[in-house]
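Engineer: here is a sequence together with a model predicted from it:
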Amino acid sequence: MMPRSYRWPDAQTARLALMLGSLLLLSAARSFASEPVTVIGIEEDWELTVASPDPNSTAPQVSCTISPLLHVSSIHAAFELNHQSQPEFTAGGLQLQVWNDEQPLSSRKFPVAGVLSTESEEVRWTQSLMLEDGALHFEITDGTSTTWGNFGGQGYLKAAITTNLENLNGYDPAVSVQNSGVAYAGNRVTTLVLKRVRATLSNGEVIEDATERVVHSRN
């Protein structure tokens, strides 16, 4: 979990919750289904811009969190870049972890274990939640970088757990923002930004929030 200094203002959180609620109501009004429309999938597009990495000290180290609920004291996933902390620290690479509060449930790593070493490198990826057949799926897709090449979508950074959740209506991007950041050597990162969020609804519609949420900025 990232320090509380990454907390997004309460006013912004309230605005986002109101917007998502309004979109769900609008979609439900247009739906002919007998059951209420719910959120069944979430995708977050992220962008990390590295200023001056130091491969000798494995710097910087970044972690981004996603949760289906309004807190991370239960089920959530963490995506670690340029380090892997489970089951013990490993320099470099990419790792997707699933947690229940502070208890690790599973971890998956990308087979290319490079260390950030290119100045002004940009790393982009999508992290997602999907609810399907009583299971909650976490996955990293559409990753691009100089250090690790194309990553995600091959099954290496994918994990699933059984769940009693019936929908993902409790998701809030503010939770991702609050619990993500540069865990080490923030001075070596230009920006870490949640670029946009997409929600897939049970009626097949996809709604998008293109608000850019800056998690870290060196300026």
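Structural biologist: Structure's in. What do you need?

Engineer: what segments of the chain are helices?
Structural biologist: 10-30, 173-178 (DSSP state H).

Engineer: mean pLDDT for those: which is lowest?
Structural biologist: Among those, helix 10-30 carries the lowest mean pLDDT, a mean of 48.

Engineer: which residues of this protein score low on pLDDT?
Structural biologist: Low-confidence segments of the chain, defined by pLDDT under 70: 1-34.

Engineer: so what would you say the end-to-end distance of stretch 145-152 is?
Structural biologist: 11 Å (C-alpha to C-alpha, to the nearest Å).

Engineer: and for stretch 195-208?
Structural biologist: This stretch, stretch 195-208, spans 11 Å end to end (C-alpha to C-alpha).

Engineer: please apply the same query to stretch 116-128.
Structural biologist: End-to-end distance for stretch 116-128, by C-alpha to C-alpha: 24 Å.

Engineer: what are the buried residues along that stretch?
Structural biologist: For stretch 116-128, the neighbour count (16 or more other C-beta atoms under 10 Å) marks 116, 121, 123, 125, 126, 127, 128 as buried. No exception for glycine: its C-beta is placed from N, CA and C like everyone else's.

Engineer: give me the nearest residue to the first one, chain neighbours excluded.
Structural biologist: So that's residue 116. With C-beta to C-beta, 6 or more residues apart in numbering as the criterion, residue 116 has its nearest non-adjacent residue at 3.9 Å, and that residue is residue 53.

Engineer: around residue 155, count how many other residues there are.
Structural biologist: 8 (other C-beta atoms under 10 Å).

Engineer: contacting residues around it?
Structural biologist: By C-beta atoms under 8 Å, 6 or more residues apart in numbering, the contact list for residue 155 is empty.

Engineer: again with residue 130
Structural biologist: So residue 130 contacts 40, 41, 42, 136, 137, 139, 200 (C-beta under 8 Å, 6+ apart).

Engineer: and if you look at residue 68?
Structural biologist: Counting by C-beta under 8 Å, 6+ apart, residue 68 touches 42, 75, 76, 129, 131, 136, 165, 168, 170, 171.

Engineer: good, wrapping up.
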